[in-house]
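Trainee: Provided below for reference: sequence and predicted model.
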Amino acid sequence: MNQELITYIVLGSHKRLKGLKLPTSNHCEEFLSSNFENKNTSETELNDLITNSKGSLIVLLPPSSLPNKPSREVLKKMSKIDISSWGWFEFNKNINSNIIQKFRKISAKVRSIPNLEQGIFFTKRLYFSVGGIGKLGESPFKEISKRFYSRFDPQKPLPALIIRTKNLDIY
């Protein structure tokens, strides 16, 4: 069986992701960029991308970021188990130097809603059972996190993403 186990989707507009190079896909991992045309259709485009993806575990990432090797190994194991689950990544300790980042970190812990820079992962089965992504808005994972919470508690956060940019805007 030659099916990708994990699909990594880098969120961003076509303009934002124009010069971004993704890792090459292999038999375990599929790498896609969202390339949103505009803000009004981004939810539909993302839903179509997730629907047509080959992986059973979906990972939504901010622009210019990837999970580190230990996180990728944990994600592979989760996808092989094939149990509905979801979660996010820890904050990057190198970025948490200013007050705004510290506030976001506290906010994420209190509200239990991941920020864009943390990314989010979930099984495709769980995604369809809650009715899709919902609204992306300013906090792209707010709506879907609430939907997932109605079904399951999240996994323990995985180690922080490797982020190669300071601009984490999607558009």
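Mentor: In hand now; what should we look at?
Trainee: quick check: which element contains the residue nearest the centre of the chain?
Mentor: The centroid of the chain falls nearest to Leu60 when counting by CA atoms, centre = their mean (2.0 Å). Counting by DSSP states H and E, the element that carries Leu60 is strand 57-61.
Trainee: Lys39 against Tyr171, yeah?
Mentor: Yes - at 6.2 Å, Lys39 counts as touching Tyr171 under the criterion of CB atoms under 8 Å. Where you see a C-beta, it was placed from the backbone N, CA and C, and this is true even at glycine.
Trainee: where does pLDDT dip in this structure?
Mentor: Scanning the chain for pLDDT under 70 picks out 1-4, 93-111.
Trainee: what about the helices in it?
Mentor: Taking DSSP state H as the test, the helices found in the chain are 42-52, 69-81, 99-111, 124-129, 142-149.
Trainee: sorry, back to before: measure how far the strand holding Leu60 is from the centre of its chain, please.
Mentor: Relative to its chain's centre, strand 57-61 lies at 4 Å (CA atoms, centre = their mean, to the nearest Å).
Trainee: over to stretch 134-148?
Mentor: 11 Å.
Trainee: what's next to it, contact-wise?
Mentor: Stretch 134-148 is contacted from outside by 11, 39, 42-43, 46, 60, 86, 88, 112-116, 118, 120, 122, 126-127, 130-133, 154, 170, using CB atoms under 8 Å, 6 or more residues apart in numbering.
Trainee: buried stuff in it?
Mentor: Neighbour-count burial for stretch 134-148, counted by 16 or more other CB atoms under 10 Å, picks out 134, 136, 139-145, 147-148.
Trainee: export only the CA atoms of stretch 54-65, formatted as PDB.
Mentor: Taking C-alpha atoms only, stretch 54-65 is exported to PDB below (Å, rounded to 0.1, in the frame of the first residue of the first chain):
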ATOM      1  CA  LYS A  54      -3.800  11.500   0.600                       C
ATOM      2  CA  GLY A  55      -2.800  11.400   4.200                       C
ATOM      3  CA  SER A  56      -4.900  10.200   7.100                       C
ATOM      4  CA  LEU A  57      -3.300  12.800   9.400                       C
ATOM      5  CA  ILE A  58      -3.400  16.400   8.400                       C
ATOM      6  CA  VAL A  59      -0.900  19.000   9.800                       C
ATOM      7  CA  LEU A  60      -1.700  22.700   9.100                       C
ATOM      8  CA  LEU A  61       1.500  24.800   9.400                       C
ATOM      9  CA  PRO A  62       2.200  28.500   9.300                       C
ATOM     10  CA  PRO A  63       4.300  29.800   6.400                       C
ATOM     11  CA  SER A  64       8.000  28.800   6.300                       C
ATOM     12  CA  SER A  65       7.700  26.200   9.100                       C
END
